[in-house]
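Novice: Mind looking at a prediction? Sequence and model below.
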Amino acid sequence: MESVVQAVLRRARQEDGEAWLRDLLEPVEELSDFAEEMEEAVPASEVPLCAQSGDEEEPGPSDRSVSAPPPGRRASARKHQNTSQEGSAHKGGRRLQGANVGCRSAASQQGPAQGKRPCKKKGTSSPAEPVRKSLRSSAAARSRETQEQGVASALLQEDSVAFAGAEGARSQDRAAGAGRKLIVWILGHSYIYWAQRRAIRRPYSENLFFDFDDCHVLWQGIRGMKWAGLCSLVYSKLHSCPVPDVLVIHLGGNDLGKTNTLALLHRMRSDIFELSGQLPNTKIIYSEMVARPVWSHPDLRFMNSIRKRVNRAMAKTLPLVGGLSIRHRELEGGEFGLFRRDLVHLSGIGLDILNSNIHSAIEEVGLVGGPGL
């Protein structure tokens with residue numbers, strides 16, 4: 001090899017050595033021109049991703065071979081090609097590397113037929129990835145919706161079962177008492193006296209819109225009656241009337257302000273427990289005292305205070321014997337249109353409200369039907 005180099009140097013020192021050396025290097029320039037033509041022939045869009053992004057693969061043994069240049073222009077270049085290959089490779093190494101890249105780019109155009117895959121750029125996602133994410137999110141949403149529908153249907157089923165059970169119990173109770181009429185007693189002072197006369201003139205009648213085949217309402221209103229006459233009235237009526245299934249009591253208003261409140265409350269509770277013991281199959285309903293614009297006592301605030309106190313105590317007592325307490329909320333305002341001119345007794349509208357509340361209470365504890373007032 002050293003002898004070849006010395007021979008080249010000696011030949012270059014001669015007169016025409018410079019021209020001879022230029023002719024010797026022309027094949028390398030032709031090779032670079034060939035590589036540039038190949039790069040222009042391959043469009044940039046068809047170059048693999050690894051070649052465009054600069055992340056090119058390590059060339060293999062097959063990629064390192066350089067295609068033979070086209071037939072040379074001069075015979076002297078082909079004659080001395082093997083002799084000058086080592087020196088020219090050092091000087092034109094970068095050009096050969098560009099040519100190799102261009103050759104690999106041209107080969108990659110053949111696609112999957114050659115068994116090579118296009119390189120995937122790091123950090124990029126497949127075009128189908130958004131579709132997969134959308135499908136996964138839709139499936140999750142459908143799953144959550146299915147679970148929510150299952151929970152809602154289970155709750156609805158439980159409510160339906162509970163409602164059906166309650167309705168079945170009411171139907172059984174109605175069937176058990178279908179063979180006889182429900183007997184209702186309504187006792188009280190002047191409010192009940194005038195309420196009965198109002199009912200006679202109204203479409204709901206004395207039977208308070210209940211069917212006469214299912215229910216029979218008996219009235220006993222005594223004007224000026226006080227609580228002390230309740231038990232004697234009940235016992236006297238038991239001799240001439242059937243035992244009541246429902247007993248409605250509206251008393252106590254004529255006792256407020258005239259009797260000690262604690263003594264009155266003790267007497268009322270004792271009589272309720274006594275009647276419950278004597279009539280174990282009777283539902284007792286207490287109609288609470290109504291607020292009046294005028295009382296027998298001059299202190300209106302004091303009278304309303306003790307009225308509320310007694311009503312609250314009776315509302316706690318009646319459930320202990322299986323009874324019910326009626327609160328007349330519509331009459332609590334003390335509106336003058338609900339009372340007569342004396343501002344003590346109820347007007348026609350006030351009596352209709354009182355009868356309607358009594359009807360609702362009887363329907364609740366007696367389990368009898370009716371269109372309502």
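Specialist: Structure's in. What do you need? Numbering: from 1, shown residues only.
Novice: Can you show me the helices along the protein?
Specialist: Remark: helices assigned in the chain by DSSP state H are 2-13, 17-41, 49-53, 75-79, 85-91, 93-108, 129-176, 190-201, 230-237, 261-278, 300-317, 348-366.
Novice: Just the buried residues of the first one, please?
Specialist: Yep, that's helix 2-13 we're talking about. residue 8 (16 or more other CB atoms under 10 Å). Heads up, the C-betas are built off the backbone N, CA and C, glycines and all.
Novice: Tell me the helices and strands packed up against that helix.
Specialist: Under the contact definition 3 or more CB pairs under 8 Å, 6 or more residues apart in numbering; DSSP states H and E, helix 2-13 sits against helix 17-41.
Novice: Average pLDDT for the helix it packs on, rounded please.
Specialist: Helix 17-41 shows a mean pLDDT of 61.
Novice: now do stretch 291-301
Specialist: On average, stretch 291-301 scores 86.
Novice: for stretch 229-242, same thing?
Specialist: 95.
Novice: tell me which residues in it are buried?
Specialist: Applying 16+ other CB under 10 Å to stretch 229-242 flags 230, 233-234, 237 as buried.
Novice: Around residue 259, how many other residues sit close by?
Specialist: 16 (other CB atoms under 10 Å).
Novice: Need phi/psi at it.
Specialist: Phi and psi for residue 259, reported as degrees, to the nearest 10, are phi -130, psi 150.
Novice: Check it and give its pLDDT.
Specialist: 90.
Novice: For it, give its distance to residue 244.
Specialist: Separation of residue 259 from residue 244 (CB to CB, to the nearest Å): 27 Å.
Novice: ok, now residue 205?
Specialist: 19 Å.
Novice: Next: residue 281.
Specialist: From residue 281 over to residue 244 (counting by CB to CB), the distance is 9 Å.
Novice: now do residue 274
Specialist: 15 Å.
Novice: hmm, back to that, between residue 205 and residue 244, tell me which one has more neighbours.
Specialist: residue 244 (24 against 13).
Novice: Leaving out the residues flanking it, which one is nearest to that one?
Specialist: residue 185 (4.1 Å; CB to CB, 6 or more residues apart in numbering).
Novice: hang on, the earlier thing: now the buried residues of stretch 229-242 as CSV including distance to residue 147?
Specialist: Converted to CSV, the buried residues of stretch 229-242 look like this (distance: CB to CB, whole Å):
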residue, distance to residue 147
230, 61
233, 64
234, 61
237, 63
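Novice: who are the neighbours in contact with residue 272?
Specialist: 284, 286, 314, 317-318, 321, 323 (CB atoms under 8 Å, 6 or more residues apart in numbering).
Novice: mind listing which of the residues you listed are in strands?
Specialist: 284, 286 (DSSP state E).
Novice: Redo the contacts of residue 272 as JSON lines? Include pLDDT and distance to residue 18.
Specialist: Formatted as JSON lines, those follow (pLDDT from 0 to 100; distance: CB to CB, whole Å):
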{"residue": "284", "pLDDT": "96", "distance to residue 18": "138"}
{"residue": "286", "pLDDT": "97", "distance to residue 18": "135"}
{"residue": "314", "pLDDT": "96", "distance to residue 18": "134"}
{"residue": "317", "pLDDT": "96", "distance to residue 18": "134"}
{"residue": "318", "pLDDT": "96", "distance to residue 18": "132"}
{"residue": "321", "pLDDT": "95", "distance to residue 18": "136"}
{"residue": "323", "pLDDT": "94", "distance to residue 18": "134"}
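Novice: domain ranges for the chain?
Specialist: 2-114, 133-176, 181-366 (automatic domain parsing).
Novice: Run a quick neighbour tally on the closest residue to residue 267 other than its chain neighbours.
Specialist: In space, and not counting its chain neighbours, residue 267 is closest to residue 227: 6.3 Å by CB to CB, 6+ apart. Per other CB under 10 Å, the neighbour tally for residue 227 reads 18.
Novice: Residue 341 versus residue 227, what's the distance?
Specialist: 27 Å.
Novice: Contact partners for residue 325?
Specialist: 285-286, 288, 311, 314-315, 318 are the contacts of residue 325 under CB under 8 Å, 6+ apart.
Novice: how close does it sit to residue 331?
Specialist: Taking CB to CB, one finds residue 325 at 15 Å from residue 331.
Novice: Kindly report the same for residue 187.
Specialist: Distance from residue 187 to residue 331, by CB to CB: 19 Å.
Novice: Who has more neighbours out of the two?
Specialist: residue 187 (23 against 20).
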